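Participant: structure for the following, please:
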Amino acid sequence: MLKLLGASLIILAGTLCGMQLGGYLAHRPLQIRQLRTGLTLLETEIVYGSRSLSEALASISRRVGGEAARLFSQAAELLATEQEWSASECWHCAVHRIWPGTALKEPEKDVMLQLGFILGQSDREDQQKHIRLALANLEHEEACARDSQQRYEKMCRSLGVLSGVLLVILLY
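Facilitator: Prediction:
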């Protein structure tokens, strides 16, 4: 009886690990899409709005969901509280703070950090060009993330279950 309980717990642990890895693969395209939505709203605010950058970022954080909302909220908060910091420094700090809690990878982080260099430091047209470049790069990364999700999500989940079963077989 005790062996059966131990075996089922091992299989359950393997299954949960596989599900978590599969979930990570499923969250990445969603979070990239949220970033793209936020950047589209930021472009609109910069080109057509007359708010300050911190107000625009705070507004975007309320309209976008998930991890992207945390990024925009954190950047807005830093812009409002850290008066001696530039918009670029606030953006970079916000990116570095929220990134570990996301399913996003280094290519998306690099795109967001590159965008931060021009944020609030050039005219509207230049910022619009850089935002559109970031959107195009994120679109490419989203396509790659969807491809990885389709290829590996089901495999990760299956391997989680199978690794648990294999471990049970090896132990007993």
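
Participant: just how off-centre is stretch 22-33 within its chain?
Facilitator: Chain-centre distance of stretch 22-33: 8 Å, with Cα atoms, centre = their mean, to the nearest Å.

Participant: err, stretch 117-128, not the other one
Facilitator: Relative to its parent chain, stretch 117-128 has a centroid offset of 23 Å by Cα atoms, centre = their mean.

Participant: number the residues from 29 up from this point.
Facilitator: All right, first residue 29 from here; so that's stretch 145-156.

Participant: what about this structure, any weak spots by pLDDT?
Facilitator: Judged against pLDDT under 70, the chain has no low-scoring part.

Participant: so which residues of it form helices?
Facilitator: 30-76, 81-91, 94-109, 115-126, 134-146, 152-199 (DSSP state H).

Participant: mean neighbour count, those helices: which tops it?
Facilitator: With neighbours defined as mean count of other Cβ atoms under 10 Å, those peak in mean count at helix 94-109, which reaches a mean of 20. All C-beta atoms are positioned from the backbone trio N, CA, C, and that covers glycine.

Participant: can you list contacts of that one?
Facilitator: Residues from elsewhere that reach helix 94-109 (Cβ atoms under 8 Å, 6 or more residues apart in numbering): 58-59, 62-63, 65-66, 70, 81-83, 85-86, 88-90, 92, 113, 115, 118-119, 121-123, 125-126, 129-132, 140.
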